[in-house]
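J.: Sequence and predicted structure below; questions after.
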Amino acid sequence: MNLSKKWLSDYVELNVSDKQFADEMTLSGSKVESFKTEGEEIKNVVVGRVEALERHPDSDHLWVCRVNVGKQENLQIITGAQNLKPGDIVPVALDNSFVAGGQHIKKGKLRGLESNGMLCSLGELGLTCHDFPYAVEDGIFVLGDDCDLTLGTDIHEAIGLNDVVTEFEITSNRADCLSITGLAREAAATFGAELKMPEISVKNTHGCVDDFLSVEIKDPDLCYRYAGAVVENVRIKPSPRWMRERLRACGVRPINNIVDITNFVMLELGQPMHAFDLRYLDGNKVIVRRAKDGESITTLDGVERNLTPEMLVIADENKPVAVAGVMGGEYSGIMDDTTTIVFESAMFNGVSVRRTAKALSMRTEASARYEKELDATGCLRSLTRALQLVEMLDAGDVVGGVVDCDHSDKTPVTLPFEPEWVNNFIGIDLSADEQRKILEKLGFEIKDGNVIAPSFRNDIEHQADISEEIARFYGYDKIPDRALSGVADGRYSDFQILENKVNDILIAQGLSEICTYTFISPKEFDKILLPEDSGLRNCVKISNPLGEDTSVMRTTAVPSMLQTLSRNYNNRNASAGLYEIGPVYISNGDEELPDEPEKVMIGLYGGEYDYFSLKGIVENLLSNVGIKEFEIERVTDCPYLHPGRGAKISVNGEEAVLLGEVHPNVAANYSIGTRCYIAEISMGVLFDNRETEKIYRALPKFPAVTRDLAFVCEKAIPVVSLQKLIASSIGKTLENISLFDVYEGAQVEKGMKSVAFSLSLRSAERTLTDDDADTAVGKAIKALEKIGVKLRS
Amino acid sequence: MKEQLNKIHERARAELTKLSSIQELENFRVQVLGKKGELTAILKQMGTLTAEERPKMGQLANEVRQNIEQMLKEKTAELKVKEQELKLAAETIDVTLPGESKPLGHKHPLSIVLDEVKDIFIGMGFQIASGPEVEWDYYNFEALNLPPDHPARDTQDTFYITDKMLLRTQTSPVQIRVMEKQKPPIRIIAPGRVYRSDAVDATHSPYFHQIEGLVVDEGITMGDLKGNLMQFAKRLYGENTEIRLRPHHFPFTEPSCEMDVTCFKCGGKGCPMCKGEGWVEILGGGMVHPKVLQNGGVDAEKYSGYAFGIGLERLTMFRFNIEDMRLLFENDMRFLSQF
């Protein structure tokens, strides 16, 4: 909402700087986005009179003018404009001046003759014909007698291009502040000034409105009140400068006196107004009804709109003439030959207007106000104001009376006046009297221990709303701070503690955390080669996505990671080690919210990274969260993993990790031209199996005995199975077993491999002898021989 | 004999200074003091002396031996120090060569700032709550005093799954979920992902993060909100930070406010980052609307509370001077490794 300082000063006198005005209004709740002075870039432009002009001797289109700017000597200025004659009063940009758009004017020569400045067009002052309808747009602006014609006067003063425009951000609860008087009320309360509302009345009327117009509301659920008035003998002409410049400052283009009056009233009082040409209201009747199926209307902007029965229209006996609260129809609007008009001042259902405006994608000044529910009480006042302005502007002859169909509920909101409650809620100590003063300033009435909210404040419904009024005029800055008191149990949850730990472990292993979008394109499922019937394709779909790329919630974090690896690879980063802890979304249908299990996603490429570095990172993660025992098995059927380099890790029978090298076809789908590795880890399984407490174990009292053993077995036998067999056959004296070599080559038979382990044996009760060790190792050898694995000699 | 002894003594004194290795010293010791050494040879002649001379010579011979031994000991120590010096000198390395290490990874800048925020609030007795991202319209809007067709819904363009299910546009639904589960006193923050149908540009993203805060107890006032947020701002941005509350409107708080802090770039003088205002907006909040308390099952007659919502991206971008939000979600190593 743009506020004209001139207009504001019609209702409240303030003696503060523009900056101070902006700051204080912001702190009392009307947030100022910016403020600026009209035409502030125009400098050193004054009023001058063309005393004489003659053709430039060397040009067939330039004129040499003698211009009087109130100084002793006239200035010689060359112009190319063709609309001047001696005696014309014009804006003169002097030597070293600036015009709109920042153009710097200096004296110079034009075809050999000196020019001491420039005569300005409307455009060079940042204006259009709408601002000065008598001026031409493609020539010099010849000032009319609505301007100060004193020679030498600064142009800003002379033509009224000197308003200060303050832009407010009005929150959705304060439709009343979408008006000059609404902001004036706030300003008066903010600065302790007096509010002078316009006195509204019509002096002379003739005839009776009922002879011209009847109104019927067919859908009172969508139209609470409809008031109409008629003006005869309309004299369409431009409105006066004071009205034009107020509209301009508020960002509304002046059109003609009648249209300007409707806009003026809307801006002044906040009530959208509409004017119809009575000629086009068949049966001289206004019918407010829902649109019929298949009906359409061409709106003022020239677009044909298809209407639906959810939309409310203003119709005559035969056709819709306006979309209620949104926009009027093209054919019933005001034209130059309009003679009799109907003014509309109505109150529509906000939700209905909002839906209609949205469905037709035409949010207008009117709909933006109606959708916030306006003040039904104000309808007649606004209507009368329009008629008063018609009289003031001599724009027509007002017909007596108004037609008023009123179904509105005007019961005011009444709340108990409880200053103590307010003090306790805000944490201040303000007397009942001071609170009363604040409220009265804002239009509230205190009566019989009650606060009665003004009709234009439909946001007031609770004591808390009253307290906000008190607080913002008491001053948020004056409310005493209070430190939080009492003891509270501030801490992370167990899950968050695990999350922090996982972060620490992965960062310590050189991985960097990423943050990716959790919605993806369904095409990503194709890119990771998921079969058509894969359960992962059953995802939560966004019904109104921004685009396909972000249209479904991910069921796996693999595509997000591959996209990130791809972006890094294609940005020529030599290597990347990345991870993310984030949810995937598992649909439970429309009636239940999806599950959002957290996953740790790891992705690597380049550098030293290979399958085993990935597995090392994962093993480190598992062991550091306290998972010492897990099963690992080969996975050959995961569509996005290399069939020979994929594995699954389970903890207590539950799948915890899927890891491996990315299938080359998938890597190619993501334009990753190198081997890359991913692991998807379930945070849930980590959480369920994590170590929650550590218990100290006594340091060993007796020495350990070590034995190194090498076996020869078939290549396909997983090392982990040998290791398990050794461990189970020796039992608890086996303190540790570690693999130290795997060899395939000339020294062993073809198709076979040599696997060497280092065993550490220890007893808690006594020092083990060599015999003890040999017996233990013998058990292991025997067990392995049973499955055809021989000790390497 | 006396002369011989003195001669040996003198020679030892002179020669020992010339020796430069432990081995030479040992050779010398054997040569002089050894079983077949010179001193031993002289002592063997003791028998030829008179009984009178014998003790005197014996004493002298002992003195000479002790002196030589003492000299040997000192020389040995001296040479050992020298030898070690040489050895250490030979072991000199270029200490400026790069160290060997496996570099640590990097936390995402959003997490760095979030962790700081979490720690500040945990220190003030807050717990950390969470709620679903795919949420019911009820929790995201209705229970927060935003009935269907409320005009304020327009400012939060919503991704819908069904008519009733949506991607949460704010972390505020967690307020209701926490109140439903927990009796006051409540003191939580709820960080999380939120979604709005905004096209991507330098300052907008359809996916971003908020941190919700909620305090409910008996006798909570707006003064508590101010004091708490002031403390938070000072912890996050330093003791000299000032805050400014401006009245605002949110349907789920009343009174509502937005909070500005003095610009941390210019300290409040005005600079391009704060657009010359000296203030930077970092959060919105207010006293929890009594209807919202009721919707959460809290007795609004007995309890009051405040709530606030912080934009994590905004905090992070200010903190690290990041001018384009897209960088946060592109995850380029060259970006990540700066943190």
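T.: Now that the structure is in, tell me what you want to look at.

J.: For the stretch 301-450 of chain A, which segments are assigned as strands?
T.: A:304-306, A:312-315, A:320-323, A:327-328, A:341-348, A:397-398, A:403-406, A:414-416, A:445-447, A:450-452 (DSSP state E, counting those that start in this stretch).

J.: how far away is residue A:375 from chain B?
T.: Residue A:375 is 16 Å from chain B, where distance means C-beta to the nearest C-beta, to the nearest Å. All C-beta spots, glycine's among them, are computed from the backbone N, C-alpha and C.

J.: related to what we said a few turns ago, nearest to chain B, of the strands of the stretch 301-450 of chain A?
T.: Among the strands of the stretch 301-450 of chain A, the nearest to chain B by C-beta to the nearest C-beta is strand A:414-416 (12.2 Å).

J.: what packs against the closest one?
T.: strand A:450-452, helix A:463-474 (3 or more C-beta pairs under 8 Å, 6 or more residues apart in numbering or on different chains; DSSP states H and E).

J.: Just send the strands of the stretch 301-450 of chain A back as CSV, with distance to residue A:96 and mean neighbour count too.
T.: Formatted as CSV, the strands of the stretch 301-450 of chain A follow (distance: least, C-beta to C-beta, whole Å; neighbours: other C-beta atoms under 10 Å in any protein chain shown):
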stretch, distance to residue A:96, mean neighbour count
strand A:304-306, 53, 15
strand A:312-315, 56, 27
strand A:320-323, 52, 25
strand A:327-328, 47, 24
strand A:341-348, 50, 26
strand A:397-398, 52, 22
strand A:403-406, 60, 17
strand A:414-416, 62, 14
strand A:445-447, 58, 13
strand A:450-452, 60, 18
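
J.: Could you provide those strands in a markdown table, with additional columns for distance to residue A:68 and mean pLDDT?
T.: Listed next are these as a markdown table, based on distance: least, C-beta to C-beta, whole Å; pLDDT from 0 to 100:
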| stretch | distance to residue A:68 | mean pLDDT |
| --- | --- | --- |
| strand A:304-306 | 55 | 93 |
| strand A:312-315 | 55 | 96 |
| strand A:320-323 | 52 | 94 |
| strand A:327-328 | 48 | 91 |
| strand A:341-348 | 45 | 95 |
| strand A:397-398 | 44 | 96 |
| strand A:403-406 | 56 | 95 |
| strand A:414-416 | 67 | 96 |
| strand A:445-447 | 60 | 95 |
| strand A:450-452 | 62 | 96 |
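
J.: What pLDDT does the model give the closest residue in space to residue A:37 that isn't next to it in sequence?
T.: Of all residues not flanking residue A:37 in the chain, residue A:164 sits nearest, at 5.2 Å (C-beta to C-beta, 6 or more residues apart in numbering or on different chains). Listed pLDDT for residue A:164 reads 96.

J.: would you list the helices and strands packed on strand A:414-416 in JSON lines and tack on distance to chain B?
T.: Listed next are the helices and strands packed on strand A:414-416 as JSON lines, based on distance: least, C-beta to the nearest C-beta, whole Å:
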{"stretch": "strand A:450-452", "distance to chain B": "15"}
{"stretch": "helix A:463-474", "distance to chain B": "3"}
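
J.: ok, whichever residue of the stretch 301-450 of chain A sits closest to chain B to residue B:44 distance?
T.: Going by C-beta to the nearest C-beta, chain B is nearest to residue A:427 of the stretch 301-450 of chain A, at 3.1 Å. For residue A:427, the distance to residue B:44 (C-beta to C-beta, to the nearest Å) stands at 110 Å.

J.: Look at those two and report which has more neighbours.
T.: residue A:427 (21 against 9; other C-beta atoms under 10 Å in any protein chain shown).

J.: can you give me the strands in the stretch 151-300 of chain A?
T.: A:164-169, A:214-217, A:223-232, A:273-277, A:285-290, A:296-298.

J.: How about residues contacting the shortest one?
T.: Meaning strand A:296-298. A:304-307, A:313, A:319-323, A:329-331 (C-beta atoms under 8 Å, 6 or more residues apart in numbering or on different chains).

J.: Could you export these to a markdown table, including columns for distance to chain B?
T.: Below are the contacts of strand A:296-298 laid out as a markdown table (distance: C-beta to the nearest C-beta, whole Å):
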| residue | distance to chain B |
| --- | --- |
| A:304 | 26 |
| A:305 | 21 |
| A:306 | 22 |
| A:307 | 19 |
| A:313 | 19 |
| A:319 | 28 |
| A:320 | 23 |
| A:321 | 26 |
| A:322 | 22 |
| A:323 | 17 |
| A:329 | 25 |
| A:330 | 27 |
| A:331 | 31 |
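
J.: Point out the residues in the stretch 301-450 of chain A that sit beside chain B.
T.: Where the stretch 301-450 of chain A comes near chain B, counting by C-beta under 8 Å from any C-beta of the partner chain, the residues are A:350-351, A:354-355, A:371-372, A:424-428.

J.: how does it look with 6 Å?
T.: A:351, A:354, A:371-372, A:426-427 (C-beta under 6 Å from any C-beta of the partner chain).

J.: Most neighbours out of the residues you listed, which is it?
T.: residue A:371 (28 neighbours).

J.: Tell me which residues touch that one, please.
T.: By C-beta atoms under 6 Å, 6 or more residues apart in numbering or on different chains, the contact set of residue A:371 is A:350, A:353-354, B:151.

J.: which one of those sits closest to residue A:570?
T.: residue B:151 (44.4 Å; C-beta to C-beta).

J.: hmm, back to that, with mean neighbour count added, can I get the strands of the stretch 151-300 of chain A in CSV?
T.: Compiled in CSV, the strands of the stretch 151-300 of chain A are given as follows (neighbours: other C-beta atoms under 10 Å in any protein chain shown):
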stretch, mean neighbour count
strand A:164-169, 18
strand A:214-217, 17
strand A:223-232, 24
strand A:273-277, 23
strand A:285-290, 20
strand A:296-298, 16
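
J.: and residue B:132, which of those is closest to it?
T.: With distances scored as C-beta to C-beta, the stretch of the strands of the stretch 151-300 of chain A nearest to residue B:132 is strand A:164-169 (31.7 Å).

J.: strands paired with that closest one, and their directions?
T.: Sheet pairing for strand A:164-169, assigned by DSSP bridges, gives strand A:2-4 (antiparallel), strand A:31-37 (antiparallel).

J.: In space, what's closest to residue 143 - neighbours in sequence excluded?
T.: If you meant another chain, say so; for now it's chain A. According to C-beta to C-beta, 6+ apart, the nearest residue to residue A:143 is residue A:89 (4.5 Å).

J.: Sorry, I should have been clearer: chain B.
T.: Residue nearest to residue B:143 in three dimensions, not counting chain neighbours: residue B:295, with 4.1 Å by C-beta to C-beta, 6+ apart.
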